[in-house]
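1. build me a model:
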Amino acid sequence: MALKLYLIVSGAIFLLVGIFHLFRLLYAWPIAVGPYLVPLALSYVGCPVSTAYCLWAAWLLRATRTRGLVAA
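-> Now for the predicted structure:
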């Protein structure tokens, strides 16, 4: 049960982060951390990486359901 919940929550978080990176790329939203601006190129890396983590979590969730794996 805990493994499935973890995969659902982490997959949803990574999906939201990926969507945020995509919107940041589409609308060129600026992000400032203190006096520094975060480069837009960071979202070119962040979008596919966070989306890949989301897909990985979904794949693992499906694998636990089809194989009947249960966390101890």
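2. make it CA atoms for all contacts and neighbour counts henceforth
-> OK.
3. list the buried ones in the helix or strand that contains Leu60?
-> In this structure, Leu60 sits in helix 41-67 according to DSSP states H and E. Buried residues in helix 41-67, counting neighbours by 16 or more other C-alpha atoms under 10 Å, are found at 43, 46-47, 50-55, 57-58, 60-61, 64.
4. then stretch 17-27?
-> Of the residues in stretch 17-27, those buried under the neighbour-count criterion (16+ other C-alpha under 10 Å) are 17-18, 20-22, 24-25.
5. need these in TSV (columns: secondary structure).
-> Rendered in TSV, the data for those read as follows (DSSP: H, G, I helix; E, B strand; the rest coil):
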residue	secondary structure
Val17	helix
Gly18	helix
Phe20	helix
His21	helix
Leu22	helix
Arg24	helix
Leu25	helix
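6. how about these in TSV, adding distance to Lys4?
-> Conversion of the buried residues of stretch 17-27 to TSV gives the following (distance: C-alpha to C-alpha, whole Å):
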residue	distance to Lys4
Val17	20
Gly18	21
Phe20	24
His21	26
Leu22	27
Arg24	30
Leu25	31
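7. between those, which sits nearest Gly34?
-> Distance from Gly34 was checked for each of those by C-alpha to C-alpha. The minimum falls on Arg24, at 18.6 Å.
8. spatially nearest residue to that closest one (excluding sequence neighbours)?
-> Once its chain neighbours are removed from consideration, Arg24 has its nearest residue in Ser43; the separation is 7.1 Å (C-alpha to C-alpha, 6 or more residues apart in numbering).
9. what sits against the one you found?
-> Going by C-alpha atoms under 8 Å, 6 or more residues apart in numbering, Ser43 touches 21-22, 24-25.
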